[in-house]
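Q: need coordinates for the below:
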Amino acid sequence: QVHLAESGGGSVQAGGSLTLSCAFSGSTADAFYVAWFRQAPGQERERIAQISERGDGYIDYWLKGRGTISRDNAKNTVELRMNGLTTADTAMYLCAARASDVIMFRYWGQGTQVTVAS
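A: Numbering: from 1, shown residues only. Sure thing, here's the model as predicted:
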């Protein structure tokens, strides 16, 4: 089992940057992959970045070229740095974890709200 807690959300002007942090605890095997998702009101949840325990990071289309993901296994944290934010990035951002041998993300945090003002 994995417990995840997000932080770092808030309000920012368009064009600005934010760094979100996901602190996780529990089974390291169940947190082999940690990913960031976001969900805006009335929209489907979408994955925006993922990183493995080995540090293999991947940025999805929605954030490609504007974000980086990093992981500190000693501190059990995953950070998501987002640049060039637009109003379209306004959403609840959640981190999630899964083991290497499962497809679905089983463990979820409560989320942190990001609001981008024009």
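
Q: check contacts around the spatially most central residue of the chain.
A: By C-alpha atoms, centre = their mean, the chain has its centre lying nearest to residue 36, at 2.3 Å. Contacts for residue 36 (C-beta atoms under 8 Å, 6 or more residues apart in numbering) come out as 20, 22, 47-50, 69, 78, 80, 93-96. C-beta here means a position set from N, CA and C on the backbone, and glycine is covered the same way.

Q: and these, which is closest to residue 87?
A: Lowest distance from residue 87 to those (C-beta to C-beta) belongs to residue 93, with 14.9 Å.

Q: could I get the full set of strands for the protein?
A: Under the criterion DSSP state E, strands of the chain are mapped to 2-7, 10-13, 18-26, 33-39, 46-52, 57-59, 67-72, 77-82, 91-98, 107-108, 112-117.

Q: can you lay out the ones you listed as CSV showing mean pLDDT?
A: CSV is the format used below for those (pLDDT from 0 to 100):
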stretch, mean pLDDT
strand 2-7, 98
strand 10-13, 97
strand 18-26, 97
strand 33-39, 98
strand 46-52, 97
strand 57-59, 93
strand 67-72, 97
strand 77-82, 98
strand 91-98, 98
strand 107-108, 98
strand 112-117, 98
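
Q: going by distance to residue 63, which of the contacts of residue 36 wins?
A: The nearest member of the contacts of residue 36 to residue 63, counting by C-beta to C-beta, is residue 48 at 4.7 Å.

Q: I'd like the contacts of residue 36 as TSV, with distance to residue 115 and neighbour count appended.
A: What follows is the contacts of residue 36, written out as TSV (distance: C-beta to C-beta, whole Å; neighbours: other C-beta atoms under 10 Å):
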residue	distance to residue 115	neighbour count
20	13	24
22	19	28
47	20	16
48	16	23
49	19	26
50	24	20
69	21	23
78	22	28
80	16	27
93	11	23
94	15	21
95	18	28
96	21	23
